[in-house]
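>>> here is a sequence with its predicted model. Questions after.
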Amino acid sequence: MFVYGTLLEGEPDHATLEGATRIGELRTSDGYAIVEMGALAGLVEGNGSVLGELYEVSYDLLAACDRLRDHPRRYHRKTVRLEDGSEAEAYFVHPDQARGLRRVRDGDWRGRFRARRAPEAGPFVRWARARHGKS
């Protein structure tokens, strides 16, 4: 199972995966995005990739995750393509559920509140700063 939001290690719902085998951290292939649904994340088709963790889960753990995510009403489970060419199951939301919601920058749930680095000044700004003695 590929997890990308509150099921990640260190996040509030991670205890649900107790007993699962963590395979590692990786990204999806291009074609996905995360939307912020209040305190939860939702996976949708998009134009980027999503950072997450891959777990091997038992049937019982999968059933517990299904209950937590209210599968198939709120989330639905389907196959996601990963950057290494493999596939895994992940929880998606329907496009109409995601309409108007904020997309998480860089597909990184944990990094959603990080400040963006200011873009480098362009040539005109550098010229003006040099001309007027400002750095």
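Structure's in. What do you need?
>>> now residue 5, what's its secondary structure?
With DSSP: H, G, I helix; E, B strand; the rest coil as the basis, residue 5 sits in coil.
>>> go ahead and confirm residue 32 touches residue 78.
No. Taking Cβ atoms under 8 Å as the definition, residue 32 is not a contact partner of residue 78, at 11.4 Å. From N, CA and C alone the C-beta is placed, and that goes for glycine too.
>>> low-confidence stretches in the chain?
Low-confidence segments of the chain, defined by pLDDT under 70: 115-116, 118, 134-135.
>>> ranges for the strands of this structure?
Using DSSP state E, the strands of the chain run over 2-3, 21-27, 32-37, 40-45, 51-56, 76-81, 87-92.
>>> what separates the shortest one from the chain centre, distance-wise?
Here the centre of mass of C-alpha atoms in strand 2-3, compared against the chain's by Cα atoms, centre = their mean, to the nearest Å, lies 9 Å away.
>>> what residues does that strand touch?
Strand 2-3 is touched from outside by 17, 28, 52-55, 80, 82, 88-90, with contacts defined as Cβ atoms under 8 Å, 6 or more residues apart in numbering.
>>> buried ones among those residues?
Buried subset of the contacts of strand 2-3 (neighbour count, 16 or more other Cβ atoms under 10 Å): 17, 28, 52-55, 80, 82, 88, 90.
>>> from the middle of its chain, how far away would stretch 123-135 be?
Computed by Cα atoms, centre = their mean, the chain-centroid distance of stretch 123-135 equals 39 Å.
>>> before we move on, the earlier item: among the contacts of strand 2-3, which one sits closest to residue 109?
For these, the minimum distance to residue 109 (Cβ to Cβ) is 7.8 Å, reached by residue 52.
>>> the closest residue in space to the closest one that isn't next to it in sequence: how many residues sit nearby?
Leaving out its chain neighbours, the residue that sits closest to residue 52 by Cβ to Cβ, 6 or more residues apart in numbering is residue 4, at 3.7 Å. Look at residue 4: counted by other Cβ atoms under 10 Å, it has 26 neighbours.
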